[in-house]
Structures are given as structure tokens and as C-alpha cells.
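Novice: Any chance you could fold what I've pasted below:
(one chain, ligands or ions: 2)
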Amino acid sequence: MDIRHATNPTDFKHYTTERIRNEYLIDSLFEPGEIHMVYSHYDRVVTGGAVPINDGLTLEDKNTLKTNYFLERREIGIINIGSKGKVLVDGQEYKLNKRDCLYVGLGKEEVVLYSEDQSNPARFYFVSTLAHKEYPTKILPIEEAEPNHLGSESESNKRIIYKYIHENGIQSCQLMMGMTMFEPNNIWNTMPAHLHDRRMEVYLYFDMDEDARVFHFMGEPQETRHIVMKNEQAVLSPPWSIHSGAGTNSYTFIWAMSGENYTFTDMDGVKMDDLR
Ligand SMILES: O=C[C@H](O)[C@@H](O)CC(=O)C(=O)O
Ligand SMILES: [Zn+2]
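Specialist: Ligands and ions are numbered 1, 2, ... in the order given. Here you go, the predicted model:
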């Protein structure tokens, strides 16, 4: 899989647009019949996408991980952003509709992803982090995820955060994962911006029109840059970086975090006066 090394905020100040995109943008995760993954040295997070067509797609990359199987030292969160699909975890079947989440814990040897209908395939997005003990494999349909309302119309950031894997939801070693959906005509995510040097984060933007773009803002608050992103592209957010976006049209995003603590609310708010 593609390897992304960690970067330093002092060096980041000198990056060109191309370098920024090469380091942080994950631009093609979803290809019919394929499973794609990117390994980041930030907290050794693996970000991936799978679109099964005829056959099941097995979660594995022995050449990169050098373990006997993918989840030997890892856990994973899988969210379906396409049509109906199913996941077999050591033979046990879990059906995932659009926006449903499956957590699979350490030690499960075989994870295979399937679409229910080949002409309308499932699109599985997943994030995997290192784990030290097994937590139970668990499915959480979106209907059962707790909606948290945030933002306001006047700030154009009225949105609902669904938390799936976190301290009061599906339990994990360090992975936190959820999805943020907007009220119509609201376009700003995670503004006011925040930092959490304790944790890295990765965002997947999806449910976007072909011509829609999200301007994803990153960098230290005093040194911001942006990446122009299309539908179903993901972006790595280093611990020292803000992670905020504004869309030219409607979009949804999945966030995942990993690192020192397991506290969603541990965020250092950035003052508007400090943004540059
Ligand atoms: O640290 C937390 C993450 O940045 C996201 O959860 C933020 C988010 O989903 C939002 O503001 O809409
Ligand atoms: Zn954050």
C-alpha cells in the first residue's frame, strides 16, 4: 500500500500545492473490484476503500504489515457509503446499509467485504489503528447512532455529528470514528477550527456532486493552506494541523481519530484572531 511519512509543521510552511497534495490527499480509494489502502506514519493509521463487484475483497496486505493477518495487531472501523453490502468476519456475517458502521477488534483473522448487488455495489470506507486488546466486533446502524446537533444557520455550519466508535459508543482501543451531515445550505465544517496535538485525524468527503469541491483547510493556525477536494477523497490531518472545510455544494464527511487519548471533546479551540 501507499506509505505516507509524517511531516513537520516547520517544513510544511515551504510546501507547494503539489507537495501538500502528495503528502496529505488520498485521492483514489474507490475503484470497482479493488481494495486500496494508504499507510500513514501518523499513529500508523491505515485508511482504505473497497468496492466489491463479483467477488469478495479480503482485507490484507502482508507485504506492508509483515504480520500474519491484517488485524493481528490492529482494530478497524468500516462504514458503507454505497449500496447494500456485507462483511464476513471469521465467517460471521454483518449486513451494512449505507452509513452503517462495523467495528472489528484485534485478532479477527479474516475480514471479507461483499456487495449485495453487483450493479449497485457497496462502497466500504475504513480506518484501522494499532490495538493492544480485543474489543467485541459490533455493528451500529445509523438509525441507532446518537445525533449531536452543532452549529447555526448564521454561521453556515449547522450540522449533525453521528459518533459511532468513541468512549460512549462502540468501544475500541484508540480508534474514534463518526460521520457529520449538514442541514441544507450549510457548508462549513469544523469552523471555528480546533487542534488536538494528542491525536491525528483523517477526513473522507463524500456524497458530493461531480463538480462540487470542498476547500479543506489545514496547517498551523497561523500558517493555513488549503487542498481542493473532490467526492470520495480523503485527507490526512497531522496533529499540529487545523482540519476544517467549506463546500461549493452539499457534502458529508467521515472523521476518524487516533492517538494519545480517547476523549472526543479534547480539542483546543482556535480563536478567529489567531487564524492566518
Ligand atoms: O475532533 C473532532 C473532529 O475534528 C470532528 O469530529 C469535527 C466534526 O465532525 C465537526 O465539527 O463537524
Ligand atoms: Zn478534530
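Novice: C-alpha from now on. contacts and neighbour counts both.
Specialist: Noted.
Novice: need the residues of the chain near ligand 1, please.
Specialist: Ile161, Thr180, Asn189, Thr190, Trp255 (CA under 6 Å from any ligand atom).
Novice: Bridging across strands, which residues link to the first one?
Specialist: When bridges are assigned using DSSP bridges, the partners listed for Ile161 are Asn148, Thr180.
Novice: dump the residue contacts of it.
Specialist: By CA atoms under 8 Å, 6 or more residues apart in numbering, the contact list for Ile161 reads Pro147, Asn148, His149, Leu150, Gly178, Met179, Thr180, Met181.
Novice: Counting neighbours, which of these end up buried?
Specialist: For these, a burial check counting by 16 or more other CA atoms under 10 Å picks out Pro147, Gly178, Met179, Thr180, Met181.
Novice: Go ahead and confirm the last one touches Tyr251.
Specialist: Yes. Distance between Met181 and Tyr251: 7.5 Å, which falls inside the contact criterion (CA atoms under 8 Å).
Novice: Next, find the distance separating the residue of the chain found nearest ligand 1 from Glu93.
Specialist: Distances between the chain and ligand 1 by CA to the nearest ligand atom are smallest at Thr190, namely 3.7 Å. Distance, Thr190 to Glu93, using CA to CA, to the nearest Å: 35 Å.
Novice: Tell me where the longest helix sits in this structure.
Specialist: Longest helix of the chain, by residue count under DSSP state H: helix 17-24.
Novice: got the residue ranges for the strands in the stretch 101-250 of the chain?
Specialist: 101-104, 111-115, 124-130, 138-140, 146-150, 159-165, 176-182, 188-189, 194-195, 199-206, 214-218, 225-229, 233-237, 244-247 (DSSP state E, counting those that start in this stretch).
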